[in-house]
Structures are given as C-alpha cells and as structure tokens.
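>>> got a predicted structure plus its sequence, pasted below:
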Amino acid sequence: MCSVVSKTEKQNQASKRWKDKNKEAIKSYNQNYYKNNKSNKARYDEYNKKRKVKVECCCGKFIQIQNLKKHMITSIHGKRMILKECRPVSRL
Ligand SMILES: [Zn+2]
C-alpha cells in the first residue's frame with residue numbers, strides 16, 4: 001500500500017503552467033464556491049470533522065488524511081522509512 005510518490009520536474013512545471021494560465025478562472029471559481037456554500041453550515045461541519053481525522057502512515061507518523069500524499073514525498077517520511085528498515089526485528 002505504501003510507496004514513495006514523487007512528481008517529476010516535468011509534471012511540476014506543467015502544473016505550474018496550468019495554474020498560471022487559469023489563475024483568474026480558479027480565483028473566480030473559489031470565490032463563487034465560497035459564496036454559494038457559505039450558508040451550508042452542516043456541510044462545513046462535516047468537512048471539518050473529516051479534516052481532523054488522523055491516520056497512521058506506514059512510517060509510524062500520525063497525519064491528517066489529506067496530507068498523506070504530500071507527506072509521502074517529504075524527507076521526513078524517507079528518513080523514518082530508512083530508520084524503520086534498519087531497526088532490529090524485535091523492536092518493531
Ligand atoms: Zn510517512
């Protein structure tokens with residue numbers, strides 16, 4: 001299940017270009033979305049509840065589920081995975 005996911009430099013540049021190109025559209029979409037859903041408190045509460053749920057990564061760190069993918073490419077995760085593999089079996 002666990003694997004190190006990393007974006008290539010090419011993908012990063014492509015997503016940056018796309019964001020720059022669609023800057024105005026993204027901004028107006030977000031503003032409209034906020035206006036349309038501002039009054040929907042139940043939906044916001046549900047989202048906030050989901051946000052607070054923490055899951056355990058395979059490296060042993062507890063993180064919010066929406067940060068899991070980003071955490072996978074951090075150096076912290078990489079170091080912890082290396083440490084985990086180097087540990088004696090009895091300590092796991
Ligand atoms: Zn991790």
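Thanks, I have the structure now.
>>> what about the strands in the chain?
Ranges of strands within the chain are 54-56, 62-64, based on DSSP state E.
>>> indicate which one of these is closest to the ion.
Using CB to the ion as the measure, strand 62-64 is the one of the strands of the chain that comes nearest the ion, at 7.3 Å. Bear in mind the C-beta positions are built from the backbone N, C-alpha and C, glycine included.
>>> list the buried ones in the lowest-mean-pLDDT helix or strand in the chain?
Across the helices and strands of the chain, mean pLDDT, DSSP states H and E gives its lowest value to helix 41-52, namely a mean of 83. Buried residues in helix 41-52, counting neighbours by 16 or more other CB atoms under 10 Å, are absent.
>>> ditto for stretch 79-87
Burial within stretch 79-87, assessed by neighbour count using 16+ other CB under 10 Å, is assigned to Arg80, Met81.
>>> how many neighbours does Thr74 have?
As a burial measure, Thr74 scores 14 neighbours (other CB atoms under 10 Å).
>>> go through this protein and flag its longest helix.
Longest helix of the chain, by residue count under DSSP state H: helix 23-37.
>>> what's the angle from that one to helix 41-52?
120 degrees (axes from the mean of the first three to the mean of the last three CA atoms, to 10 degrees).
>>> around the ion, pick out the residues from this protein.
Contacts of the chain with the ion, taken as CB under 5 Å from the ion, map to Cys57, Cys59, Lys61, His77.
>>> hmm, try it at 6 Å
Within the chain, the residues that sit near the ion (CB under 6 Å from the ion) are Cys57, Cys59, Lys61, His71, His77, Arg80.
>>> dump the residue contacts of the third one.
Same thing as Lys61. His71, Ile76, His77, Arg80 (CB atoms under 8 Å, 6 or more residues apart in numbering).
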